[in-house]
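Enquirer: Give me the fold of what follows.
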Amino acid sequence: MSGVATRRAPPAAAPRVRTTLLLALFFVSGASGLVYEVVWMRLLSLTLSVTVYAVTTVLCAFMSGLALGAAMGGWAADRVKSPLLAYGLVELGIAATAVGTAATLFHLGPAYVWARRCRSSAAPPSRTATRWGAAPAGSTR
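Expert: Numbers count the residues shown, from 1 in each chain. Presented below is the predicted three-dimensional model:
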């Protein structure tokens, strides 16, 4: 060994930029999830006419989605060759579902009015069946 000190080159900036970009994308993904929650809650409040039912429905759906996603993601995490690509595809699927759900909820009001009219004019056994079928949507009284 000679007395000449060798200097290491500074670490490449690419991994730091990639990490920063990933953190920004995760932040945007979480923020968009919160935006979806608020939009769905407001649309369901208009559809169901009761905010409590809307919030309950959205929270149940959101938490169920988190649980299902964690279960499926945990199973698939070790089997996917490119986790970042898989994550991007899942995010694109979530975005498509969010747009479709918002459009569906916006136009769902007449279906609830129709179900309510059918229920009020139905015979008692079918009225009970309609009530049980409509209970998850919160349209019973």
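Enquirer: alpha carbons only for contacts and neighbour counts from here, please
Expert: Fine.
Enquirer: okay, now the spatially closest residue to P83 that is not a sequence neighbour: neighbour count?
Expert: For P83, ignoring the flanking residues on the chain, the nearest one in space by CA to CA, 6 or more residues apart in numbering is A77 at 7.0 Å. Residues near A77, counting by other CA atoms under 10 Å, number 14.
Enquirer: And for L43?
Expert: For L43, the count of nearby residues is 22 (other CA under 10 Å).
Enquirer: same question for the helix or strand harbouring it, mean pLDDT?
Expert: Assigned by DSSP states H and E, L43 belongs to helix 13-48. Regarding helix 13-48, the rounded mean pLDDT is 85.
Enquirer: how about H107, phi and psi?
Expert: Main-chain torsions, H107, degrees, to the nearest 10: phi -100, psi 10.
Enquirer: Show me which residues of stretch 70-78 are buried.
Expert: Of the residues in stretch 70-78, G73 count as buried by neighbour count, 16 or more other CA atoms under 10 Å.
Enquirer: nope, stretch 103-120 is what I was after
Expert: For stretch 103-120, burial by neighbour count (16+ other CA under 10 Å) applies to 105-106, 108-109, 112, 115-116, 119.
Enquirer: where are the low-confidence patches of the chain?
Expert: Counting by pLDDT under 70, the low-confidence segments of the chain come to 1-14, 119-141.
Enquirer: in it, which spans are helices?
Expert: Along the chain, the stretches classed as helices by DSSP state H are 13-48, 51-76, 83-106, 109-121, 124-134.
Enquirer: Identify each buried residue in the third one, please.
Expert: Looking back up the chat, that one is helix 83-106. Of all the residues in helix 83-106, those buried under the rule 16+ other CA under 10 Å are 95, 98, 102, 105-106.
Enquirer: Include distance to S64 when you put the residues you listed into a markdown table, please.
Expert: Output for these, formatted as a markdown table (distance: CA to CA, whole Å):
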| residue | distance to S64 |
| --- | --- |
| A95 | 17 |
| A98 | 15 |
| A102 | 18 |
| L105 | 18 |
| F106 | 22 |
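Enquirer: nearest to A54, of those residues?
Expert: Proximity of those to A54 was ranked by CA to CA; the top entry is L105 with 11.2 Å.
Enquirer: Nothing else from me, thank you.
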